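>>> just a sequence and a predicted model for now, questions to come.
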Amino acid sequence: NWVTAERLERVLLLVFCANLLSAAVGLLQVYYPQTFMPPEFSRLALRMNAEIVGSLTYLGADGREIIRPPGLSDIPGGAAISATITTLLGFAFATRAQAAHLRRLLFIAASVVALTVVYLTHVRSMLVMICICMMAAGAVRLRHGRVAHTAWIAGSAAAIVIASFTWAVAVGGESIVERVQSILEVGVVQSYQENRGIFLTYTLQELLYEYPFGAGIGRWGMMSAYFGEPTNWQYPALWAEIQLTGWLYDGGVLLWICYAGAITAATARAKRT
């Protein structure tokens, strides 16, 4: 079997480093937007919608405006994706039983930086997913009877979450606190229903019957923004707020089935491993 543990670890390290770079750029975009925020980002957003930049901007702790950082992507708040991957991989590497102390500290520091970026992008779904994954990692160790290791994982997770939240509040101000508090006050399910749930309902009740076999490739998102034809009245650009809508546009119900199958197979394989 050519997929050895050593090769897999090297691949994961490369993924970690690539996403850490994007997360770090996202943090620099908050501190030094004039230098690290690409000018094309604002121009494209303004061309699509004159109000969009303002809607993706909030006041920081020092009173200046902060645009949700895109990182190395061209999506407002896109740094949250790479920051989430960095946080989870860094946390996984840091909490390995055989990890050296210096490596632990470096991975934990990288996770703190990345999770701070997640807070600063205001993408709460990624924050919730990170917390769930951290709890799952502890649950796996506890199931194997490794109580001490589970305690180390729980302590590391708490330290990363608290340290990054403190840093994010120091930069982003009250808006960060309000975003997190809204989850704690109304709950994860209710918070999702009030924000993204309406798009899920609309997709299932309306779009599913309109595009059961898909609407065509490249009709939503940045592909449509970059390469779409504004004068094409027969196949105009479409809006997708959640991934499920995007999958429906691209390939209809069949793509839903394929993605669900891929995720289920990957989860089952990970559980067996």
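Structure's in. What do you need? No experiment lies behind these values; they were computed from the predicted model shown. Numbers count the residues shown, from 1 in each chain.
>>> okay, CA-based contacts and neighbour counts for the rest of this
OK.
>>> would you agree Thr57 is in contact with Glu65?
Yes: counting by CA atoms under 8 Å, Glu65 is a contact partner of Thr57 at 6.3 Å.
>>> tally up the residues packed near Ala265, please.
By other CA atoms under 10 Å, 12 other residues sit near Ala265.
>>> what about it, which helix or strand?
Assigned by DSSP states H and E, Ala265 falls within helix 243-272.
>>> quick one: buried residues of that helix?
Within helix 243-272, the residues scored as buried using 16 or more other CA atoms under 10 Å are Leu244, Thr245, Gly246, Trp247, Leu248, Tyr249, Asp250, Gly251, Gly252, Val253, Leu255, Trp256.
>>> how about stretch 129-140?
Using 16+ other CA under 10 Å as the test for burial, stretch 129-140 gives Ile130, Met134, Ala137, Gly138, Ala139.
>>> so what pLDDT did Gln107 get?
Rather than Gln, residue 107 is Phe. For Phe107, the pLDDT comes out at 95.
>>> now it, nearest residue through space, not along the chain?
In space, and not counting its chain neighbours, Phe107 is closest to Gly90: 4.8 Å by CA to CA, 6 or more residues apart in numbering.
>>> what does Leu27 give?
Nearest to Leu27 is Val117, by CA to CA, 6+ apart, at 5.9 Å.
>>> counting by contacts, list what the helix or strand hosting that neighbour packs against.
Element membership of Val117 [criterion: DSSP H and E] is helix 101-121. Contact partners of helix 101-121 among helices and strands, from 3 or more CA pairs under 8 Å, 6 or more residues apart in numbering; DSSP states H and E: helix 5-31, helix 79-94, helix 124-143, helix 147-172.
>>> other residues contacting it?
Under the criterion CA atoms under 8 Å, 6 or more residues apart in numbering, residues 20, 23-24, 26-27, 68-69, 77-80, 83-84, 86-88, 90-91, 93-95, 124, 126-127, 156, 160-161, 163-165, 167-168, 172, 176 lie in contact with helix 101-121.
>>> before we move on, the earlier item: for the residue nearest to Phe107, give its distance to Leu115.
Distance, Gly90 to Leu115, using CA to CA, to the nearest Å: 10 Å.
>>> which one of these two has more residues nearby?
Leu115 (31 against 27).
>>> show me where pLDDT drops low in the stretch 1-150 of the chain?
Low-confidence regions of the stretch 1-150 of the chain, defined by pLDDT under 70, span residues 1, 40-55.
>>> can you rerun that using 80?
Residue ranges of the stretch 1-150 of the chain with pLDDT under 80: 1-3, 38-56, 74-76, 97-99.
>>> now the residue most central in space within the chain: how far from Asn19?
The residue lying closest to the centre of the chain (CA atoms, centre = their mean) is Ile81, at 3.1 Å. Remark: distance between Ile81 and Asn19 (CA to CA) = 8 Å.
>>> tell me the spacing between the residue lying closest to Thr87 once chain neighbours are set aside and Ile132.
Of all residues not flanking Thr87 in the chain, Ser111 sits nearest, at 4.3 Å (CA to CA, 6+ apart). Separation of Ser111 from Ile132 (CA to CA): 15 Å.
>>> do Val112 as well
Noted for Val112: a distance of 17 Å to Ile132, by CA to CA.
>>> next, count neighbours for the closest residue to Met37 other than its chain neighbours.
Of all residues not flanking Met37 in the chain, Gln29 sits nearest, at 5.3 Å (CA to CA, 6+ apart). Neighbour count for Gln29, taken as other CA under 10 Å: 22.
>>> and Gln29, how far from Thr273?
On the measure of CA to CA, Gln29 and Thr273 end up 39 Å apart.
>>> next: Ala168.
Taking CA to CA, one finds Ala168 at 36 Å from Thr273.
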